[in-house]
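A.B. asks: Sequence first, then the predicted structure, then my questions.
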Amino acid sequence: MSKKLKKAIPHVVFLGPAFVLFSLAVIIPFVVSIYYSLTDWNGISSTANFVGLKNYISIFTGKTQFLAAAKFTVLIGLVIVLLTNILGIALAALLEKKFRGSDLFRALFFLPNTMGGVVMGYIWRFIFIAAFGALGDILKWKVLQLPWLGTPGTAYAALIIVSVWQGAGYVMIIMIAALTGIPAELTEAARVDGAGSWKVFWSVKMPQCVPYLTVCLFWSIATSFKMFDVNVALTKGGPYGMTTSMALQIYNDAFTSNRYGLANAEAMVFFVIIFAVTALQLYLTGREEKRLT
Amino acid sequence: MNGNTRRVNIVKFIIALGAAVIFMVPFFLVILNSVKPLDQIMTELLALPRTFEWGNYVEAWKQINMGRVMLNTIIVTGVSLFFILLLSSMLAYWMTRHRTVFSSIFEKLLIGSLLIPFATVMLSLVKTMSFLGLTTSLWGGILTYSGMCIAFGTFMMTGAVKAVPVELEESAELDGCNVYQVFFIIVFPLLRPTLLSLFVLDLFWIWNDYIVALTLLNTTELMTLQLAINKLFGLYSNQWNIALPAIVMSILPILVINVLMQKRIVSGVASGALKG
């Protein structure tokens, strides 16, 4: 065996298997998707005609449902991101300093985040369909007796409730890590200068937490824009397809309507949207981090 | 502790308790009603059960084919985790200590891939896997989970590798260790804390995943827990006496892991988020 070849073997051993798996699961499908997005293939037949940008044109001229799904996902995503982070930060502020039971409370608030979207969706389906009604009969609250998953407005609300309930614990964990990492001298100094707890929290602690907030925002934006499981379990995209997320729309177009080429084009648009939004967010919070340091 | 902090702590405790009750009510109601007969679920949903209908659990177990489904989920999760932990740490080690042109291109691809949502690649992934004949076994799912999780895993492990002193490796080489021995005997054991964090993160991710399983493991023989729950609800949408016990059984393993590994989960999530 030549010396050069012998030297190459460890490279192949350490990098090879990972590269093969990564190519198989990510790179090859990504490239193949770009190709199919330019065809009219239905996913089954043996012929696929090259149609250029026709699928993309149909998407952007509103001939398909994808734009509606994108609008729904972005709007509900923004509400979810906002509420998840507000609730998560509030919980972190509450549980930052230890008191009796605070560790248990942290674990409880984080619990929904360790469970799957499908199962969580069905747990809440039971709550919205059966438990709300039972509770409404006792309390005589009209809002509980509504058909929660049956009208668009309440179905939106239901999706928001479940997503925030599932995501807040994650933000809480990250923000607790952020708050406990702030040097005590900093907050002490502000207190000596006469700042109250509220002022200390917003003007002294929060600016220190910006890198962590970046993580929370990145995570919550990515998670809510990729919404799929909760969507399937809770509303199935209904009523009248009004709560269909982008991921669900792609899945339906490919496997239910057999518009495989079109679905691939939608998948590419979906990627560009996620990429643009997360890149923009990272740029903006990165700028804020620089400004504060 | 002075009187003031004590009062603050009592107020905090009460607020936290109130919030925790609201957070936990859904779980509580599901568990409570899972042992009631159907007519009692419909009429006395909020009451404590009068009789314990353990038969609900037996019926749900049978309907969902729980033995098979649980075994599939354990195999897929376990084998994927093995690949992810091993390959991510090997990759992180090699990219940190033996940089080449190829490895820096690979690294850029890995970073870029973190922004690709699964829904973007899922359609072609199914075609690729079935072309390779991998959709008829659990391998399709296992290889997909492994390939997808390597990117994030490598970033987590890179931080840990950088913390290993190079001198340790150099002296091992002088003692006659080859590159494999240096990695597996000297470096790998030192990565344990980060490996555990990565293990916890990906364990939850894969166990709970629905979308990958839906596209690659969606047959009666290969079905995982999340798929089975979804199928069950499709068949028995309002038969809560079968659906609820199935839910309880599916979240039980997660609950146990939460109790056993509470501290590790919290620190794993925090460190994973900041390195990722």
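C.D. replies: Cool, the structure landed. Remember, predicted model here, so these are calculated numbers, not experimental data.

A.B. asks: B:S34 contacts B:I251, correct?
C.D. replies: No: in this structure, B:S34 is not within contact of B:I251 by Cβ atoms under 8 Å, at 10.9 Å. All C-beta atoms are positioned from the backbone trio N, CA, C, and that covers glycine.

A.B. asks: OK, contacts around the closest residue to chain B within the stretch 101-250 of chain A?
C.D. replies: Residue nearest to chain B within the stretch 101-250 of chain A: A:G116 (3.1 Å; Cβ to the nearest Cβ). Contact analysis of A:G116 by Cβ atoms under 8 Å, 6 or more residues apart in numbering or on different chains lists A:D229, B:W207, B:N208, B:D209, B:Y210, B:Q226.

A.B. asks: If we use 10 Å, what do you get?
C.D. replies: Counting by Cβ atoms under 10 Å, 6 or more residues apart in numbering or on different chains, A:G116 makes contact with A:122, A:166, A:229-230, A:233, B:204-205, B:207-210, B:213, B:225-226, B:229, B:250-251, B:254.

A.B. asks: Now B:Q181: closest residue in space, sequence neighbours ignored.
C.D. replies: B:A172 (7.2 Å; Cβ to Cβ, 6 or more residues apart in numbering or on different chains).

A.B. asks: Hmm, I typed the wrong one, I wanted A:F60.
C.D. replies: Nearest one to A:F60, counting by Cβ to Cβ, 6+ apart, is A:L67 at 7.4 Å.

A.B. asks: Past the helix or strand hosting B:N241, which element shows up next along the chain?
C.D. replies: Per DSSP states H and E: B:N241 is located in helix B:240-260. The first helix or strand that comes after helix B:240-260 along the chain, using DSSP H and E, is helix B:262-275.

A.B. asks: Strands of chain A, start to end?
C.D. replies: With DSSP state E as the criterion, chain A has no strands.

A.B. asks: quick one on the thing from earlier: state the distance from the residue of the stretch 101-250 of chain A closest to chain B to B:Y145.
C.D. replies: 14 Å (Cβ to Cβ, to the nearest Å).

A.B. asks: Over to A:L94?
C.D. replies: 36 Å.

A.B. asks: who's more crowded, those two?
C.D. replies: It is B:Y145, of A:L94 and B:Y145, that has more neighbours when counted by other Cβ atoms under 10 Å in any protein chain shown, with 26 against 21.

A.B. asks: burial measure for the closest residue to the more buried one other than its chain neighbours, as a count.
C.D. replies: Distance criterion Cβ to Cβ, 6+ apart; nearest residue to B:Y145, sequence neighbours excluded, is B:S80 at 3.9 Å. When neighbours are defined as other Cβ under 10 Å, B:S80 has 26 of them.

A.B. asks: again, but for A:L144
C.D. replies: 17.

A.B. asks: next one: A:I76
C.D. replies: 21.

A.B. asks: ok, now which ones touch it?
C.D. replies: Contacts of A:I76 (Cβ under 10 Å, 6+ apart): A:Y156, A:A157, A:L159, A:I160, A:S163, A:S224, A:F225, A:M227, A:N231, A:T243, A:S245.

A.B. asks: do the same with B:F28
C.D. replies: So B:F28 contacts B:V21 (Cβ under 10 Å, 6+ apart).

A.B. asks: do the same with B:W94
C.D. replies: A:10-11, A:13-15, A:18, B:100, B:103, B:106, B:154, B:161, B:179, B:183.

A.B. asks: How about A:G261?
C.D. replies: A:35-43, A:48-51, A:54-55, A:253-254, B:123.

A.B. asks: Could you measure from the residue lying closest to A:W165 once chain neighbours are set aside over to A:K142?
C.D. replies: Using Cβ to Cβ, 6+ apart and skipping residues adjacent in sequence, the residue nearest A:W165 is A:P112, 5.6 Å away. As judged by Cβ to Cβ, A:P112 and A:K142 stand 27 Å apart.

A.B. asks: Looking at the two now, which is surrounded by more residues?
C.D. replies: Taking other Cβ under 10 Å, A:P112 and A:K142 do not tie; A:P112 has more neighbours (21 against 8).

A.B. asks: OK, contacts around residue 220?
C.D. replies: I'll assume chain A. A:S220 neighbours (Cβ under 10 Å, 6+ apart): A:77, A:80-85, A:88, A:163-164, A:167-168, A:170-171, A:281.

A.B. asks: hm, I was asking about chain B
C.D. replies: B:N65, B:R68, B:V69, B:L227, B:A228, B:K231.

A.B. asks: can you tell me which residues contact the closest residue to chain A within chain B?
C.D. replies: Nearest residue of chain B to chain A: B:G147, at 2.6 Å (Cβ to the nearest Cβ). When contacts are counted by Cβ under 10 Å, 6+ apart, B:G147 touches A:18-29, B:80, B:83-84, B:87, B:113, B:125.

A.B. asks: And it, what's its pLDDT?
C.D. replies: B:G147 carries a pLDDT value of 94.

A.B. asks: same check, this time on the one 3 residues further on
C.D. replies: B:I150 is assigned a predicted lDDT (pLDDT) of 94.

A.B. asks: Let me know how buried it is, in neighbour terms.
C.D. replies: 26.

A.B. asks: Correct me if wrong: it contacts B:L81.
C.D. replies: No: between B:I150 and B:L81 there is no contact under Cβ atoms under 10 Å: 11.9 Å.
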